[in-house]
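Q: below: sequence and its predicted model.
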Amino acid sequence: MKATKRQSPVNFLLILIVTLVVMTGYNGFAQVNHLKDFTHHKFAYENLASAIKSSNDGVREDAIYLVGKYKLVDFEKELLSQLDNEKNSNIKVLIGLALYRMGSEKGMQKLLELSVNDSDKKVRRMSLAIYNEFISGNANRTVAR
């Protein structure tokens, strides 16, 4: 009679943890994307660009968050334009974070300017923090001062 080996619960738990780590590890290596990677709708770009420029703060916040979360580099120009026109300090910081996530060097240059010239203390402080984080994470890249 052959004896079968029973796996202990510890081995099973270890295999489960390793599997979860491997499966979730792939999300950490996300690259910048283009809108066409997500949708083939012919008005998607226009709709999102107009949402970034909307007069409704909530719509603007959601559109900017979406662009930053999915690193949609197609909207760098719109974000930089909106950063010049934006009055809401929270949305300015959100634009800075979206530009940071996209790895925009033009955006980091703009944040460096904001850290010195903006009238809101929160925007100055957060812009400098985002810029410094970009520089420390990209030691081989620099933004002209």
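A: Okay, I see it.
Q: residues near Glu61, how many?
A: Counted with other CB atoms under 10 Å, residues neighbouring Glu61 total 18. Every C-beta, even on glycine, is put in place using the N, C-alpha and C of the backbone.
Q: pLDDT below threshold where in this structure?
A: Low-confidence segments of the chain (pLDDT under 70): 1-8, 10, 13-14, 16, 20-33, 35-38, 40, 139-145.
Q: contacts for stretch 51-61?
A: Outside stretch 51-61, the residues that touch it by CB atoms under 8 Å, 6 or more residues apart in numbering are 62-64, 67, 75, 78-79, 81-82, 88, 90-91, 94.
Q: out of the residues you listed, which is nearest to Phe134?
A: For those, the closest approach to Phe134 (CB to CB) belongs to Leu79, at 14.7 Å.
Q: so where does the closest one fall, helix or strand?
A: When elements are assigned from DSSP states H and E, Leu79 belongs to helix 76-85.
Q: got it, and Met108?
A: In this structure, Met108 is located in helix 105-117 according to DSSP H and E.
Q: sort out which residues of that helix are buried, please.
A: Within helix 105-117, the residues that qualify as buried are 105, 107-112, 114-115, counting by 16 or more other CB atoms under 10 Å.
Q: which residues are contacting it?
A: Contacts to helix 105-117, defined as CB under 8 Å, 6+ apart, come from residues 76, 79-80, 83, 92, 96, 99-100, 123-125, 127-128, 130-131, 134-135, 141, 143-145.
Q: and those, which are buried?
A: Buried subset of those (neighbour count, 16+ other CB under 10 Å): 76, 79-80, 83, 92, 96, 99-100, 123-124, 127-128, 130-131, 134, 143.
Q: identify the farthest-apart pair in these.
A: Farthest apart among those by CB to CB are Glu76 and Arg124. That separation is 22.2 Å.
Q: what packs against the helix holding Leu79?
A: Helices and strands touching helix 76-85, by 3 or more CB pairs under 8 Å, 6 or more residues apart in numbering; DSSP states H and E, are helix 44-52, helix 57-69, helix 89-102, helix 105-117.
Q: using CSV, list the CA coordinates for that helix.
A: Extracted in CSV, the C-alpha atoms of helix 76-85 (Å, rounded to 0.1, in the frame of the first residue of the first chain):
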residue,chain,number,x,y,z
GLU,A,76,-0.8,66.8,-21.0
LYS,A,77,-1.5,69.9,-23.0
GLU,A,78,-5.0,70.3,-21.6
LEU,A,79,-3.8,69.8,-18.0
LEU,A,80,-1.1,72.4,-18.5
SER,A,81,-3.6,74.9,-19.9
GLN,A,82,-6.1,74.2,-17.1
LEU,A,83,-3.3,74.7,-14.5
ASP,A,84,-2.8,78.3,-15.8
ASN,A,85,-6.5,79.0,-15.6
